[in-house]
Each structure stands twice: as structure tokens, then as C-alpha cells.
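Colleague: Predicted model, plus sequence, below.
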Amino acid sequence: MSNWQPDQTLDTSGKCCPMPMVEMNQAIRKMDPGSILEVIATDPGTRDDISSWCQRKGHELLELSEEGKTLRFTVRKAS
Amino acid sequence: MDSMAIIIRDDSYDKILTPLAFAYLQAAEGTVVDILFVNWAVRALTEDGAAAMHIHGEHAKDEAMVREGVAKAGLPTEIMDILKALKSTECVNFYACSLAASIFGVNEDNLINEAEGIIGASWFLNEKASKADHCQYF
């Protein structure tokens, strides 16, 4: 259970590279600065992909949790 | 990364997936991706050529499995649909190598609208590949 209330949730379960990254970029582009995007993923590659993407783009990775094979990222869009 | 150049040579369905996926990844972030199709791969820039792409050689028998995996990943299974998805990012440019076009039967009449055109390799290598932040060859 996330400690953050997302403004939008993107569920990429079952999808693999490149689609989680593509869909996440599309989603966050439409969001306001400072808003929170929750991304659910099952592609293990997203663990590093999304973390490094946040650093590159200035977004804040608020939380990353794992439950079984499901990864849940909580990202605050850069202001 | 602001710009990336990719040169694709192989025209088999499985081998073209990786460069197109890499292009999709970077274009999604806003990176300008310029792709030069050389050798047999130039035929991907035609409707018939893209539709005719299959897996070659020892892995040919696994094509149905690969296409199923591509669909499961969330990508379109047809190469032409992937090219259109890349183009829709407005960050990807497709170029046909003029030598390859001449040899492998691509011209202005059968080139897809999504392609920028048929260009000389010298222009691409000097104006795109050498100036890109990153260049890949497949």
C-alpha cells in the first residue's frame, strides 16, 4: 500500500520493454508538474529503467515497492 | 540524450525489432532518432517489404511464438504498425539509403509516406550519425 495518493495510475502489467517506458512518458507528459503518477509493472527491467529515468528527467521516485513479481513505482513529476 | 542515430541492415522480423524498440524508447523521452535503412532492411520502408518480413534461418519455425511474445509485450506485431507508432512520436525520422534503394528495389513510388526520403549515405553519416549523441548499428 502506497503512502502517496496518486493523481493517476498506469498499469503496464504483462507488458515488456519498450512499452512501459513509452506509456509512462506519454502519461506523465499530460500531467501537471508536481502531480503524482503511480506505475505498476511486471517487467523486471523497469526497476532500473524507471529509477534512472527519474534521475535523468528530474522526477522524484517517491516509492518503489515489490510484491511478488509486481513492481509499484510512485513518481512525482518534476516541477 | 538529445539525438540518436541508428543504422539498420538486417531485414528479418526478429532482428529489426531491437533497433525499433530502442528507437521507441528514446523517442518516448523526446530524443530525436534518425534511422538509416541499408541493405535488405531498406525494404522495410515499403508496404510490401514490411509486410513480407519474416524470421529467417534456424529460427524461422519460431515466428509464431515470437509474434505472440511481441503482442504480449504490448507492441504492434506488424513492422509497418511499429514504424507508424514510432512516427507518431514526432521524434523519429526514417531514411532509405540510396544505394540500398537502387539495389533492392525501393524508389519514390513505393517508399512509405512515413519515410523522409531516399538519401545518400554520406549525408547521413556526416550530418546525422557523426553529430548524434549516440549511434548504433544493427
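Modeller: Ah, there it is.
Colleague: Could you find the closest non-adjacent residue to residue B:21?
Modeller: In space, and not counting its chain neighbours, residue B:21 is closest to residue A:18: 4.7 Å by C-beta to C-beta, 6 or more residues apart in numbering or on different chains. For the C-beta atoms, the positions are set from N, CA and C on the backbone; glycine is no exception.
Colleague: and if you look at residue B:120?
Modeller: Spatially, and ignoring its direct neighbours in sequence, residue B:120 is nearest to residue B:98 (5.3 Å; C-beta to C-beta, 6+ apart).
Colleague: give the contact list for the one you found.
Modeller: Counting by C-beta atoms under 8 Å, 6 or more residues apart in numbering or on different chains, residue B:98 makes contact with B:118, B:119, B:120, B:121.
Colleague: do residue B:82 as well
Modeller: Counting by C-beta under 8 Å, 6+ apart, residue B:82 touches B:17, B:20, B:24, B:75, B:76.
Colleague: which among the residues you listed gets closest to chain A?
Modeller: Nearest to chain A among the contacts of residue B:82 is residue B:24, at 4.6 Å by C-beta to the nearest C-beta.
Colleague: Could you look up the SS state of the closest one?
Modeller: Assigned with DSSP: H, G, I helix; E, B strand; the rest coil, residue B:24 falls in the helix class.
Colleague: how many neighbours does the nearest residue to residue A:76 once chain neighbours are set aside have?
Modeller: Once flanking residues are discounted, residue A:76 sits nearest to residue A:60: 4.2 Å by C-beta to C-beta, 6+ apart. Applying other C-beta atoms under 10 Å in any protein chain shown, we find 15 other residues in the vicinity of residue A:60.
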